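S.K.: Got a predicted structure plus its sequence, pasted below:
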Amino acid sequence: MAAVDTHVGKPNQNTQEQEQDKALLGTFWRLADPNDNVRLQGASDLFEIVIRKQKQHNKSGASTLYCSEVEYTLQRLVKGLASGRKGARLGYVTVLAELLEKVPRISLDEILTLVQDHLVVKGKKEERDSIFGQVFAYLAIIQSGRLQRSDEKYTVELIQSLLTLGDHKSYLQELCCKAVIDVICKTSENVFLDNVWPKLKPRLKVGWEDTTAETLALLIVCQKQFPDVVKPKFVQSHWGHSNLLDESNFHHIGRILVKSTINCHPNVHFLCDLILSQAVLDKAKVPLFWQIVVDESLCSARQECKFLALKLLERIIPLCDVKLIKAVFSQTLIRVFINSLSNRQGFLHKAAVQFSENLPNAVRQVTDAKAQVAVIQCLLSSPGHLLFDDITKSKTIHFLVSTLTADGVRIYMKWLKKLFESGTEKIRLEPDLDSDRRWVCMQILSLIRNPRLQREDDWMQDACQFLLLHSFFRVTAPDSSIVGCKHVLPDPVSDQLRKQICPYFYSAVHALSSFTQASRVTDSAANEGSGSSEHRPLGMTSEGELWVLVLMRYTQQLLQSASVDFAVEFTEQVQAEWDKMYALVEKIEKKKSKKSAVGVPFQLLFIHVGLQMLSDPKQSVEILEDLHGCYDRALQRRKSAKKNEEEEPDWVVVVTEILLSLLSKSSHLLRMVVDNVFKMICPHLTKEALGLLLNVLDPTGGAEVTNLEVADDSDEEMEGENEEEGMEEEEEEEDDGEDLK
């Protein structure tokens, strides 16, 4: 019986081993898969199987250093490094580096022997794959960290092999040089002095005339890592100056960067990052460095060199302050950018489009708000243009403005207002005052409407007050007590321009009236958990004050000031109606409370129509007279109601009737006002008020409202607001190009 058990057990054991072998073999196919996830999973499975087998081998007390699976895997991995399949080298080199790190029994001699046995060049057809395989094998050794724990001879041998391969094939020069630099950065000073420097010293003596980008990069790293070994005297004797980035060497650096594009384009040689990081250390020299290396060398050479110039600009922006931004955005480079971006058939058009798309991300990394704005100013100033986006048919400026912080918006606003006041002679060759001022107002409006910006009360209020002031008023004498009236414009705003920018003000009012403070959304969301259904009012500042009320009070200041004149006729009758409206609005504001919500919609109606008086006094006066009568009737109905609060007459019915009557008038403003007021009364709608709306839609009276319920779903409301904001953003992007033409 025991014999039978033994006989049965062996086939089961063999079957299990065969299944494990199949699992091991299957992982190699997945290592070469182009899909990153599949390849990484295959690497993980292979590593797990091999490590488990090696642990079992160690416990068994076998005489060999490692198990047969490890031996087979090493051979397979080294051979696979010569594979031309997409993803194969990445998969094989990853596992090989992990094995060398986790299995210390694997000697470097074994790996180097396998490289010599399996990756030797046997013919021209296999030469490229074999050489790449050797390089990747050396990269695996470097990444494993074994060189730091092994004899110095391996470090020297690896560096020598990499340098030889780089000299042999030009397409390997950069890769091999980066690998050598990686080794050097992980080497101790003693090892570098005794073993590495003697091998590199002859190579680093060549000087500027015979150097390559790789040699210069190698020298920069060696001098930075080991300044006591690569002494200034050595550098000066062979390179003309102890500081490689001395002003006298800028022409040489420009020539080397031009030469680097021959083999690297469209990639950027890693030498560029080394040079930029060293150049910005001495900011005083950056303007001259940029002029010689970029403007005179790269921008005056082949198209590939101009491509590199754009790449250098993209990489240096996060390292710059305001002065450096203005230096690196040189006139030559801006012309290259504009011409390439506007010419769809040009060689560099795709590169310019890519630069335009990457530019906001680069600017976002700049911590100085002034430097962020400086980028925009450079593109809008000559040789750029105020209509940059129109000329290039892009949204470069729009997306750059969208990256600004709140401080950046304030700085940009200040610059725009300065252009409005003093003109654009300093930034344009042929300034047109009215056209430029109209563009400024359009930019200020786009700031208010831009949902990507941090909407803070101060700059939004400043923007709206600026549009209000110059749309309807004229400052005749300085008055520091009123915002925006500290200076008198040397060239007054023309009547034609006022008519053009007046709609911008009302568009800004509409944007603010549709805006919900994020803090209020958060508070409401928090209240949802406690069953609260409190309405989130639109058009409120962070302090809970109506935006239109803020603007109305500013208008009152302007009307009362002796230093400000109204730009259009404002008769005594109109002034009297304004005063009556203003007094009533302030009265409602003082009596406003949660228990009496009837005043808020009327307050909005009075303010909106009052602001309309600035552009259309005649029609607004008529509407205000009707509103006063409706408001008095609403209050009378409220007083005649019973004292019981539950039986209080529905004021919302009265307001609904007024809104419907206003909708019958052909006025865009009134429709906007109705839209804003209706949003506020929606949560308070009753069946009777809803019936009025349905009667308008169905005049025959066939609508049944008995079974209808008024729902207050905050989630749906939020969804609607987000959707509206998205639509507003799309309109803005469309208008950016159309309105500036």
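M.R.: Good, I have the coordinates.
S.K.: Residue 322 and residue 369 touch, don't they?
M.R.: No: using C-beta atoms under 8 Å, residue 322 makes no contact with residue 369, being 9.7 Å away. The C-beta positions use only the backbone N, C-alpha and C, and glycine is treated the same way.
S.K.: which residues touch the nearest residue to residue 405 once chain neighbours are set aside?
M.R.: Using C-beta to C-beta, 6 or more residues apart in numbering and skipping the chain neighbours, the partner closest in space to residue 405 is residue 369 (5.4 Å). Counting by C-beta atoms under 8 Å, 6 or more residues apart in numbering, residue 369 touches 404, 405, 407, 408, 410, 411.
S.K.: Buried subset of those, written for ChimeraX?
M.R.: Selecting only the buried entries of the contacts of residue 369 in ChimeraX, with 16 or more other C-beta atoms under 10 Å as the criterion:
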select :404,405,407,408,410,411
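S.K.: just checking, what packs against the helix or strand containing residue 590?
M.R.: Under the criterion of DSSP states H and E, residue 590 resides in helix 572-591. Here helix 572-591 touches helix 547-560, helix 599-612, helix 617-639, going by 3 or more C-beta pairs under 8 Å, 6 or more residues apart in numbering; DSSP states H and E.
S.K.: Report pLDDT for the residue nearest to residue 405.
M.R.: You'll see residue 369 listed with a pLDDT of 95.
S.K.: how close does it get to residue 418?
M.R.: Computed as C-beta to C-beta, to the nearest Å, the residue 369 to residue 418 distance reads 16 Å.
S.K.: mind listing what the nearest residue to residue 338 once chain neighbours are set aside touches?
M.R.: Leaving aside its chain neighbours, residue 338 sits nearest to residue 392 (6.2 Å; criterion: C-beta to C-beta, 6+ apart). Residue 392 sits next to 338, 341, 342, 356 when contact means C-beta under 8 Å, 6+ apart.
S.K.: Specify which member of those is nearest to residue 451.
M.R.: Taking C-beta to C-beta as the measure, residue 451 lies nearest residue 356 of the contacts of residue 392, at 21.0 Å.
S.K.: doesn't residue 340 make contact with that closest one?
M.R.: No: Residue 356 is beyond contact range of residue 340, at 9.8 Å (criterion: C-beta under 8 Å).
S.K.: so where's this protein uncertain?
M.R.: Counting by pLDDT under 70, the chain contains low-confidence residues at 1-20, 429, 516-538, 593-598, 634, 637-651, 665-670, 699-741.
S.K.: Do a quick rundown of the strands in it.
M.R.: With DSSP state E, the ranges of strands along the chain come out as 473-475, 564-566.
S.K.: and of those, who's closest to residue 74?
M.R.: Here strand 473-475 is closest among the strands of the chain (C-beta to C-beta), at 83.4 Å.
S.K.: helices or strands next to the closest one in the packing?
M.R.: Against strand 473-475 (3+ C-beta pairs under 8 Å, 6+ apart) you get strand 564-566.
S.K.: In the strand it packs on, which residues are buried?
M.R.: residue 564.
S.K.: Kindly report the same for stretch 34-46.
M.R.: 38, 39, 40, 42, 43, 45, 46.
S.K.: Now distance to residue 376 too, for the residues you listed, in CSV please.
M.R.: Formatted as CSV, those follow (distance: C-beta to C-beta, whole Å):
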residue, distance to residue 376
38, 45
39, 43
40, 42
42, 48
43, 46
45, 52
46, 52
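S.K.: Show me which pair in these is furthest apart.
M.R.: 38 and 46 (12.5 Å).
S.K.: which residues does residue 327 contact?
M.R.: So residue 327 contacts 286, 287, 290 (C-beta under 8 Å, 6+ apart).
S.K.: For residue 263, see how far away it is.
M.R.: Taken as C-beta to C-beta, the span from residue 327 to residue 263 is 29 Å.
S.K.: Repeat that for residue 499.
M.R.: Distance from residue 499 to residue 263, by C-beta to C-beta: 61 Å.
S.K.: Pick out whichever of the two has more residues nearby.
M.R.: Higher neighbour count among residue 499 and residue 263: residue 263, with 15 against 12, using other C-beta atoms under 10 Å.
S.K.: Tell me who's in contact with that one.
M.R.: 170, 171, 173, 174.
S.K.: again, 7 Å this time
M.R.: 170, 171 (C-beta atoms under 7 Å, 6 or more residues apart in numbering).
S.K.: What of residue 137?
M.R.: 78, 81, 111, 115, 119.
S.K.: Tell me the one of the residues you listed nearest residue 430?
M.R.: So of the contacts of residue 137, ranked by how close each gets to residue 430 (C-beta to C-beta), first place is residue 81, at 62.7 Å.
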